[in-house]
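A.B. asks: sequence and predicted structure, then a few things I'm wondering about:
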Protein chains: 2
Amino acid sequence: MPTPPPSSPAAAGTSDVEVETLTAVFQVQEMTADTDPVLCVLLGHDTDGPWTLPGGAVAADATLETSARRAVADSVAIANIAHLEQLAVFSDPHRLPGTRTIASTYLALVPSDVPTELPHASAWHPVDALPTLAFDHAEIVEAARHRLAAKLSYTNIAFALAPSRFPMSQLSEIYCAALGYAVDTTNLLRILSRRAVVVATGTVGKTGRSGGRPPALYAFADKQLRVTDEFATLRPPM
Amino acid sequence: MPTPPPSSPAAAGTSDVEVETLTAVFQVQEMTADTDPVLCVLLGHDTDGPWTLPGGAVAADATLETSARRAVADSVAIANIAHLEQLAVFSDPHRLPGTRTIASTYLALVPSDVPTELPHASAWHPVDALPTLAFDHAEIVEAARHRLAAKLSYTNIAFALAPSRFPMSQLSEIYCAALGYAVDTTNLLRILSRRAVVVATGTVGKTGRSGGRPPALYAFADKQLRVTDEFATLRPPM
DNA sequence: TCAAAAGTGTTCGTAGTACACCCATGT
DNA sequence: ACATGGGTGTACTACGAACACTTTTGA
């Protein structure tokens, strides 16, 4: 019979620890009609305090991931979270006053076509103009942004930010919002096609307000995270 | 004054949780004189139970990372851990019997030239021939291997596996052991040179047992993790 | 017919692979 | 000298970036 793993020599029964989840939920939104869409993060605040990321204590009967999903559900229905993944753990003993609380943090993505109405005291904030955040929450948002940007270049993670069908120009705007710089729509299509990340649906969309050719609509081949460019270098032979 | 983050609606005071660290410590070792070196992981076992990863409860006064370092220190001096980074959190409510225990897991690397003598009931095991491991520890080793392999291709993480000076052929063997397939020594030098990951020291090593030209010795430019190939694609303009 | 947006094609640079060939040493 | 391993050079491929040009629509 397996015995529990050995505990640290000089630490017996150090159970005085809380575990919370904190999630950076991102959505790309058009703030105004004639401006480029921007990356937004979901924040809440209780009674006058600074803004916080959605989160809460671990549920006794669930994994941290499920707990994170539930904590976000106050503002965004769980079905609308197209992707959720672990970020880092923040465990500085003094990151919060009071009882020691370890934060397991998550990155969550919501497609740009789900309604942005929020109940309660929550709101979407553009990541480039964040208000003051509580504790280390700003650091967590930064880590999430960084992770998202990195994964955009070697995975199909954008499936979780895009609508189910979209013209490439719109996808390009999503990449632009998330990465913080322009991407060439032409080349984006080529890259994502070659990798079989994106496929043409055969349908065409409506042309925009100021004329122009009606765009072909594309869709993501998978709706789950897939690494599409695993080995930049040192790939296995053959 | 900031208030603590909101707690999950139907979960008040769920503090019945232990937090442990578990670390997959890797070292590349020559098991026998005339065979290729292999990647090994550090395991321990208490009194007849299955093998386990080193770990233990969180220290009250330290971060999880520091706790992980201390837990490994029984077997490998902390100074010999050239790199340590977070892996995933394992939070299945039933991953251990008894009190709910959440595991924050780590990947640690030890250079191949530090002595491999181990005190106590610990031993190095080749990752391709692991004994039965306790609980989900095998899964953690797999995650660690995968992370290591991935980072070898886009970071300088090999600095933590290699001695301070080495011939390229030896570095090639280290890559081979960690990746599981052969890498071309010639091209490895070119790639790592271009990226300024590795630099020539000007010194030369001793020629091998069966003749041959004495090899130039190289060293890693940095002894801290650095991403050397950040954007495989979609890099920022200019 | 003109502007706007979409899509196609072409060129270029560069990184990585494969592999042939040359160099230095011990026996 | 020759086998053994180390090092250099070269050709080939592939991917991505940049950008010009063509196509399709609405006004």
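C.D. replies: All right, it came through fine.
A.B. asks: strand partners (parallel or antiparallel) of the helix or strand of chain A with the lowest mean pLDDT?
C.D. replies: One helix or strand of chain A scores below all others by mean pLDDT, DSSP states H and E: strand A:198-204, with a mean of 93. Paired strands of strand A:198-204, with direction, are strand A:216-220 (antiparallel) (DSSP bridges).
A.B. asks: how about the strand it pairs with: buried residues?
C.D. replies: A:217-220 (16 or more other C-beta atoms under 10 Å in any protein chain shown). The way it works is simple: take the backbone N, C-alpha and C, and place the C-beta from them, glycine included.
A.B. asks: how about the residues of chain A near DNA strand C?
C.D. replies: Counting by C-beta under 7 Å from any atom of the strand, chain A comes close to DNA strand C at A:167-169, A:185-186, A:189, A:204, A:208, A:210-216, A:231-235, A:237-238.
A.B. asks: of the residues you listed, just the buried ones, ChimeraX syntax please.
C.D. replies: Remark: buried members of the residues of chain A next to DNA strand C, expressed as a ChimeraX selection using 16+ other C-beta under 10 Å:
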select /A:167,168,185,189,215,231,232,233,234
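A.B. asks: so where's the longest helix in chain A?
C.D. replies: Ranked by number of residues, the top helix in chain A under DSSP state H is helix A:137-154.
A.B. asks: which elements pack onto the following helix or strand past that one?
C.D. replies: Where DSSP states H and E defines the elements, the next helix or strand beyond helix A:137-154 is strand A:166-167. Applying 3 or more C-beta pairs under 8 Å, 6 or more residues apart in numbering or on different chains; DSSP states H and E, one finds that strand A:166-167 makes contact with strand A:216-220.
A.B. asks: just the C-alphas of the strand it packs on, formatted as PDB.
C.D. replies: Taking Å, rounded to 0.1, in the frame of the first residue of the first chain, the C-alpha atoms of strand A:216-220 are listed here in PDB:
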ATOM      1  CA  ALA A 216     -15.100  34.200 -48.200                       C
ATOM      2  CA  LEU A 217     -15.900  32.800 -44.800                       C
ATOM      3  CA  TYR A 218     -13.500  30.500 -43.000                       C
ATOM      4  CA  ALA A 219     -13.700  28.400 -40.000                       C
ATOM      5  CA  PHE A 220     -11.300  26.700 -37.600                       C
END
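A.B. asks: can you tell me if it touches DNA strand D.
C.D. replies: No. Using C-beta under 7 Å from any atom of the strand, strand A:216-220 stays clear of DNA strand D, with a minimum separation of 10.4 Å.
A.B. asks: avg pLDDT for that strand?
C.D. replies: Across strand A:216-220, the average pLDDT comes to 97.
A.B. asks: over to stretch A:172-182?
C.D. replies: On average, stretch A:172-182 scores 96.
A.B. asks: please, where are all the helices along chain A?
C.D. replies: A:64-72, A:137-154, A:168-179, A:185-194.
A.B. asks: now distance to B:Val127 too, for those helices, in CSV please.
C.D. replies: As requested, those are exported to CSV (distance: least, C-beta to C-beta, whole Å):
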stretch, distance to B:Val127
helix A:64-72, 27
helix A:137-154, 25
helix A:168-179, 36
helix A:185-194, 34
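A.B. asks: which one of these lies nearest to A:Ala121?
C.D. replies: helix A:64-72 (14.4 Å; C-beta to C-beta).
A.B. asks: show me how far the closest one is from its chain's centre.
C.D. replies: Chain-centre distance of helix A:64-72: 14 Å, with C-alpha atoms, centre = their mean, to the nearest Å.
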